[in-house]
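> I would like the atomic coordinates for the input below:
(chains A and B)
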Amino acid sequence: MEVTDLKTRHILYAAIFVVGVVVFAATTGPAQLSVLQVFQAVGVHLPFVGKDFHVSSLDEALVWQLVMPRICLGLLVGAMLASAGAAYQGVFLNPLADPYLLGVASGAGLGATIVLIFLPTALSWSFNPLPLAAFLGAIVSVLLTFALGKAAGNVRNASSLLLAGIAIAAFFTAVQTFLQQRSSVGQIQDVYSWILGSLATAGWSDVTLILPYVVLTVLILVSMRRLLDVLAVGDIEAQSFGVKASTVRNIIIAAATLGTAAAVSVSGLIGFVGIIVPHMIRLIAGPSYKRILPLSILYGGGFLVLADYLARTVLYPEEVPLGVITAFLGAPFFLVVLRTSKRLV
Amino acid sequence: MKKEFHPAASVAEYLSKCVKATLCVLPLLLLLTVNSASASVKSAPLQRGHATAQDFAVAGLEAQIAHRGLVKTHNSGKKSFPVTITSGGYREVIPSRPTRILCLSASSTQMLYAIGALPQVVGVDKYSIYPKSAPRTSFTGYETSAEDYLPLHPDLVILAFNENSMVAQLNALHIPVLVMPAASNIHSAYIQLLQLGAATGHVKQAKKEVVKLNSSLTHIALRVANRAKGLTYFIELSPSPLYTATSDTFIGSVFSLFKMKDIADAAGHGSNYPQLNSSYLLKSNPDMVVLADTVCCGQSPALFAKRPGYSVLRAVRTHNVYGVNDSAASEWGPHTLVEFANYLSGVLLRKYKSMRPHVFSVRHKAASHGGESGFSTTKRNN
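Residues are numbered from 1 along each chain as shown, chains lettered A, B, ... in the order given. Predicted coordinates for the structure are as follows:
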């Protein structure tokens, strides 16, 4: 009973944090709108009560078309990366594992690079192929990682999968670098902007595009949170509990990869969220995945909304790439994790 | 040791500072004088006095070039060559009049053509599309080895940037090389014209070209006069991420001819090409938007209007979003410059009233036709 209370309390705090960050990011942005104006601009879009709100078209566009999609996408991508990071760390029993471990980043990067270099006018198409190419790239690279890992030996052995991931990432990165080297300066700039990640041009279409993937993945990961705790004691011990470690591992990896690929396809490669947030939660709530996974979803979303808030306000009216902000916060944190990782896992 | 005070030395130092300051400011003052003098007289018969004033402007530029040591002729200036040119952070001695020039910058190609040096050119890069008669090659200017250029036997190579340490590579092969970097304003483009004139043995033609160019721009600005004064603009260089240019760039200086204001000037903390926040664009609500990413990124006014939230922008509502060739923002040659300035003045003359709905009656007309103008209060219909 006491444990449940503790868990509920942690979830309550996390929910308050998320709501607080969302309200803060929506109302204190550089647009300098009052809290009332922001609530009215959002209220206009609410069913039944919308008619009662009056707001200028400029304010409405600012809040509803530019700020709110960024916040919603930040919540989704942050939740996805943090929970996938936590899941990867649990599966591979490695505190420094992140969602990009099995080649998602290099595959998505190659997919995006191909579109940016060979289809430079794709942004003007009615259907933007960039997210699709990044998504496919990510999926292909992870499938190759699995195939290579299996060929190298035993997929049940996590280290052969990790090594296969490193090899595939190196190969895809080499192809990407080769393509970049043969492109123009402007295209290289586009590729780097994508690699650094951004929510700057987020629209509602991006939110609806990844929403199903994120919801599905998050549901699978949360439902398997207890099994992740069992995996932590080792494959043989897990077997004695009646858990088939390799099956659990494959389902979790597949779900986390699918969700990460979807998130990356619209936001680019936002680093460190998948490492910072789960470790922060371990420090707060302990090593059990029963708490880490739900809290990763909430704190991950909140953290990315906060990081994106900094990205659009620190040098306003200029934008700072989101990846720079998360890495700026993440790098010092990484050192702390390295120093304390013995206690954490 | 106490430093002794010498009145004569202080006076000399003071005078020297005055001379230096005057030399730096003189060309700008002269150009401003020329522009304002011609702006005050509205008809064509001013040409004679005007040309003289333009000549003074060139003299001012030459004084600045000499003072900064950008062009140095040996033998006290009696002979044109050898000549030392300092540009883009590099100093280069050109021993004799070049006859086999390889030009790997589209803007420099336009300048060479303008000053009559094209017959000395044996090759230009593939991006040099003007003039059509230029001997185009497949070079991009990003070649990794100077060896690639050797089959053309160039005796002068002109670059826009020192990619792959090309300056050092060409120097090792004893081939003179000039780096003519992107001009940050029209004034820098004039200096490059005069430098190229000195480097190719076309000093007089270069001076004439500067006079002609300055005169053309003055007349283009004169046509618009104060009609566009204070109008705000936004230049888009790429849609995602949203890159723009401040007024402290070459394309920005063309807008400055018409006394327009760049909304990105508040953003240029570290770079003159900042990445802008979309909210800021909406909040600034420029009178005019110029899309210089129609080629690279396939943008158009229609696509711009379709982006989330942009439909409320004044420029979109008043149909003042214009797509131009990307070269307007990336090239600084005389042909591109005059063509873009002409285009802009044409647009401003036709549409300046629609850009100022609060001053002219367009708003009321639009309202009477049931259209929504300005940023009126809207109510959502569910």
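> State the next helix or strand along the chain beyond the host helix or strand of residue A:88.
Taking DSSP states H and E as the criterion, residue A:88 maps to helix A:68-92. Counting by DSSP H and E, the next helix or strand C-terminal to helix A:68-92 is helix A:104-118.
> Chain B contacts on the stretch 151-300 of chain A?
Proximity of the stretch 151-300 of chain A to chain B, by CB under 8 Å from any CB of the partner chain, involves residues A:184, A:186, A:189, A:190, A:193, A:198, A:200, A:201, A:203, A:204. Backbone N, C-alpha and C define where each C-beta goes, glycine included.
> Keep only those of those residues that are in strands.
Among these, no residue falls in strands (DSSP state E).
> pLDDT score for the nearest residue in space to residue A:305 that is not next to it in sequence?
Residue nearest to residue A:305 in three dimensions, not counting chain neighbours: residue A:74, with 4.1 Å by CB to CB, 6 or more residues apart in numbering or on different chains. Note for residue A:74: predicted pLDDT of 96.
> what sits against the residue of the stretch 201-345 of chain A found nearest chain B?
When scored by CB to the nearest CB, the stretch 201-345 of chain A has residue A:317 as its residue closest to chain B, at 3.5 Å. Counting by CB atoms under 8 Å, 6 or more residues apart in numbering or on different chains, residue A:317 touches A:30, B:264, B:266, B:267, B:274, B:276, B:277, B:280, B:284.
> Could you turn the buried ones of these into a PyMOL selection?
Typed into PyMOL, the line below selects the buried ones among the contacts of residue A:317, using 16 or more other CB atoms under 10 Å in any protein chain shown:
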select buried, (chain A and resi 30) or (chain B and resi 264+267+274+276+277+280+284)
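> Which one of the contacts of residue A:317 is nearest to residue B:170?
Among the contacts of residue A:317, residue B:274 lies closest to residue B:170 (CB to CB), at 33.5 Å.
> so that closest one sits right up against residue B:265, yeah?
No. Applying CB atoms under 8 Å, one finds residue B:274 not in contact with residue B:265, separated by 9.7 Å.
> For residue 200, the count of nearby residues, please.
Just going to use chain A. Counted by other CB atoms under 10 Å in any protein chain shown, the residues lying close to residue A:200 total 24.
> Please refer instead to chain B.
28.
> For it, give me its contacts.
Residues near residue B:200 by CB under 8 Å, 6+ apart: B:97, B:98, B:101, B:112, B:115, B:117, B:120, B:156.
> Go again with 7 Å.
Residues in contact with residue B:200 (CB atoms under 7 Å, 6 or more residues apart in numbering or on different chains) are B:98, B:101, B:112, B:117, B:120.
> so which of those are also by chain A?
The subset of those within reach of chain A, by CB under 7 Å from any CB of the partner chain, is empty.
> Which one (most neighbours) among those?
Ranked by neighbour count under the definition other CB under 10 Å, the contacts of residue B:200 are headed by residue B:112 with 30 neighbours.
> Relative to residue A:292, how far out is it?
Plainly put, residue B:112 is 66 Å away from residue A:292 if you go by CB to CB, to the nearest Å.
> ok, the residue nearest to residue A:305 - how many residues close by?
Residues lying near residue A:74 (other CB under 10 Å) number 29.
> Over to the one 4 residues further on?
By other CB under 10 Å, the residues close to residue A:78 number 33.
> before we move on, what about residue B:306?
Residue B:306: 12 surrounding residues under other CB under 10 Å.
> now swap in residue B:79 and tell me
Look at residue B:79: counted by other CB under 10 Å, it has 11 neighbours.
> Look at it and tell me its secondary structure.
Following DSSP: H, G, I helix; E, B strand; the rest coil, we place residue B:79 in the coil state.
> what about the helices in the stretch 1-150 of chain B?
Listed in chain order, the helices found in the stretch 1-150 of chain B under DSSP state H, counting those that start in this stretch are B:7-40, B:47-67, B:106-114.
> The last one - contacts with which helices or strands?
The contact analysis (3 or more CB pairs under 7 Å, 6 or more residues apart in numbering or on different chains; DSSP states H and E) places helix B:106-114 against helix B:186-200, helix B:334-355.
> Now render the contacts of residue A:317 as TSV, adding distance to residue B:338 and pLDDT.
Formatted as TSV, these follow (distance: CB to CB, whole Å; pLDDT from 0 to 100):
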residue	distance to residue B:338	pLDDT
A:30	38	69
B:264	24	93
B:266	30	83
B:267	29	78
B:274	27	89
B:276	28	89
B:277	34	88
B:280	32	91
B:284	29	92
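> which one of the contacts of residue A:317 sits closest to residue A:91?
Closest approach between these and residue A:91, by CB to CB: residue B:277, at 38.5 Å.
> residue ranges with poor pLDDT in the chain?
By default, I'm working from chain A. Low-confidence segments of chain A (pLDDT under 70): A:1-4, A:30-31, A:123-124, A:126, A:152-158, A:334, A:337-338, A:340-345.
> that's the wrong chain, I wanted chain B
Along chain B, segments meeting pLDDT under 70 span B:1-54, B:75-78, B:268-269, B:358-382.
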